[in-house]
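Novice: Turn this into a model:
(one chain, ligands or ions: 1)
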Amino acid sequence: MLKSKSVLIGVCGGIAAYKVCEVISSLFQAGAEVRVILTDTAQEFITPLTVSTLSRHQAYTDRDFWQATHSRPLHIALAEKADLFLIAPLTANTLAKLTYGLADNLLTNTVLASRCPILLAPAMNTEMWEQPMIQRNWQQLRRNTRYHSIGPGSGLLACDRKGAGRMAEPPEITTKLQSLAYSQGQQDFKGKRILISGGGTREHLDPVRFLGNPSTGKMALALAQAASDRGGIVTLVHGPIAPELLPISPNYKLISVVSAEEMETAIMSYLVESDIIIMSAAVADVKPTDYSSEKIPKKQLPTELKLKPVTDILGRLGNLKKAHQTLIGFAAQTGEIVNPALEKLKGKNLDIIVANPIDKAEFGFGTNTNQAVFINAKEQQKTIESCSKLELAHRLLDFAKIGAISSDK
Ligand code: CTP
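Specialist: Model prediction:
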């Protein structure tokens with residue numbers, strides 16, 4: 001999604017500047033053309049050499065701004081070329097300058113000369129972050145639709161405090177930039193309430209043993225990211241997900257469940273208010289008939305397990321859904337994918353089904369890439385070739401939007 005995109009990064013003077021080196025490196029590896037501006041104080045933390053080595057391009061400083069070595073003013077040339085602009089870490093000082101339109105260095109002049117979406121990743125000490133004037137500036141700046149934000153999260157800060165003010169982690173920033181590269185910051189789902197389920201459920205036999213599946217929740221996290229980046233008010237109900245995959249500063253609500261029954265309860269409590277419901281969870285179909293609240297000793301384990309069905313949550317949603325709601329299911333299939341998915345679409349009264357092959361190493365459970373065929377209730381199909389799960393999520397939202405317009409929802 002970032003291939004050949006021109007990403008301009010403004011680094012301000014904060015200790016989190018060292019983390020931006022990782023962002024520069026991963027953007028370069030993703031095929032982006034990366035240009036970096038360092039403020040004077042940023043150079044107290046990282047050097048132009050570090051940045052130019054990682055970006056494979058000269059790092060720009062205020063010294064370049066005032067030298068007549070460029071054919072066009074440097075801030076104009078950089079601003080015009082940028083498809084995306086990241087400012088990380090955003091310090092209290094630069095936040096205030098941006099809020100009031102001040103332009104006293106290369107970075108702030110380039111911001112004013114640019115037109116592309118700008119992603120802000122603030123980082124500062126908790127006391128500083130919580131100052132009323134900082135919060136006022138932050139709220140005011142974000143009212144401008146050009147600005148997008150990530151974090152800050154909470155955690156251990158370099159000042160030894162634990163609290164708000166920690167810059168978002170580099171992989172989160174890179175993912176957010178990928179999402180922005182696709183959407184260009186458009187808020188086409190603004191105000192839409194989007195309920196997403198993801199990950200696998202676990203049906204326990206006792207506290208340590210369960211029936212489960214290898215779903216990691218990556219597809220659902222990608223859907224939640226894409227939908228919230230496009231203005232949706234997102235709730236993600238998810239089965240167990242590895243903590244390192246969860247964002248530290250998500251801009252959506254996360255509800256963690258374990259069993260299909262818990263997932264059903266959570267989903268049902270958000271159903272009425274939701275405009276779009278996407279069931280990407282790998283929900284168990286059955287659970288052990290008996291549950292022991294004490295761990296069953298090995299010698300007493302049954303040699304055969306009695307099972308009973310769990311509710312088909314999507315089937316229930318299909319019966320309950322109102323005309324204004326869009327219901328989307330996933331059909332994880334081996335072998336032929338379209339016909340079984342079509343059957344599920346009709347059988348569960350869905351608006352869209354995502355037919356998803358899971359028998360190829362690079363797609364399906366746990367991978368970062370996916371491939372699918374989207375099918376709507378009119379049996380129109382759209383084949384999505386192999387792409388990142390984030391891109392597939394954006395494309396599914398595009399498909400849902402077109403479907404919703406054509407059926408006048
Ligand atoms: N699903 C659900 N509740 C279940 C099982 C599945 O809501 N108890 C949902 C999944 O989230 C998915 C869709 O139903 O969106 C299809 O799931 P899948 O496992 O592919 O199909 P099943 O309906 O379970 O049918 P089968 O296992 O026979 O393929």
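Novice: Within range of the ligand, give me the residues from the stretch 251-400 of the chain.
Specialist: Residues of the stretch 251-400 of the chain found near the ligand (C-beta under 6 Å from any ligand atom) are 260, 279, 281, 283, 285, 310, 312-314, 329-332, 344. Heads up, the C-betas are built off the backbone N, CA and C, glycines and all.
Novice: Run through the strands of the stretch 301-409 of the chain in chain order.
Specialist: Assigned by DSSP state E, counting those that start in this stretch, the strands in the stretch 301-409 of the chain fall at 307-309, 326-333, 352-357, 369-376, 381-388.
Novice: Columns mean pLDDT and mean neighbour count on top of those, output as a markdown table?
Specialist: What follows is the strands of the stretch 301-409 of the chain, written out as a markdown table (pLDDT from 0 to 100; neighbours: other C-beta atoms under 10 Å):
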| stretch | mean pLDDT | mean neighbour count |
| --- | --- | --- |
| strand 307-309 | 97 | 11 |
| strand 326-333 | 95 | 23 |
| strand 352-357 | 94 | 24 |
| strand 369-376 | 93 | 21 |
| strand 381-388 | 94 | 14 |
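Novice: where's the dip in pLDDT among the residues of the stretch 251-400 of the chain next to the ligand?
Specialist: Least confident of those in the model: Ala332, at 89.
Novice: From the contact counts, what lies against the helix or strand that contains Val20?
Specialist: Per DSSP states H and E, Val20 falls inside helix 17-29. The contact analysis (3 or more C-beta pairs under 8 Å, 6 or more residues apart in numbering; DSSP states H and E) places helix 17-29 against strand 6-11, strand 33-38, helix 48-55, strand 84-90, helix 170-183.
Novice: and Ile233, which of those is closest to it?
Specialist: In terms of C-beta to C-beta, the element of the helices and strands packed on helix 17-29 nearest to Ile233 is helix 170-183, at 16.1 Å.
Novice: Hmm, Leu342 is touching Ile353, no?
Specialist: Yes: using C-beta atoms under 8 Å, Leu342 is in contact with Ile353, at 7.4 Å.
Novice: and for the two, which residues touch both?
Specialist: Common neighbours of Leu342 and Ile353 (criterion: C-beta atoms under 8 Å, 6 or more residues apart in numbering): Ile375.
Novice: about what we covered before: can I get the residues of the stretch 251-400 of the chain next to the ligand in TSV including distance to Leu180?
Specialist: Below are these laid out as TSV (distance: C-beta to C-beta, whole Å):
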residue	distance to Leu180
Ala260	35
Met279	27
Ala281	27
Val283	32
Asp285	38
Val310	38
Asp312	37
Ile313	32
Leu314	31
Gly329	28
Phe330	25
Ala331	30
Ala332	29
Lys344	33
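Novice: picking that back up, right, and the helices and strands packed on helix 17-29 - which one's nearest the ligand?
Specialist: With C-beta to the nearest ligand atom as the criterion, the ligand lies closest to helix 170-183 of the helices and strands packed on helix 17-29, at 22.8 Å.
Novice: which other residues reach the closest one?
Specialist: Here helix 170-183 makes contact (C-beta under 8 Å, 6+ apart) with 1-2, 5, 7, 19-20, 22-23, 26-27, 30, 83-84, 86, 88, 117, 119, 121, 148, 150-151, 168, 225-226, 229-230, 247-249, 388, 390-391, 394.
Novice: Show me which positions of it end up buried.
Specialist: Buried residues in helix 170-183, counting neighbours by 16 or more other C-beta atoms under 10 Å, are found at 170, 172-183.
Novice: Now stretch 237-244 - C-alpha only, CSV.
Specialist: The C-alpha trace of stretch 237-244 is given here as CSV (Å, rounded to 0.1, in the frame of the first residue of the first chain):
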residue,chain,number,x,y,z
VAL,A,237,-15.4,-8.3,20.0
HIS,A,238,-12.6,-10.7,19.9
GLY,A,239,-11.5,-14.1,21.1
PRO,A,240,-8.0,-14.5,22.7
ILE,A,241,-5.4,-12.5,20.7
ALA,A,242,-1.7,-12.4,21.4
PRO,A,243,-1.0,-9.2,23.4
GLU,A,244,1.8,-8.1,20.9
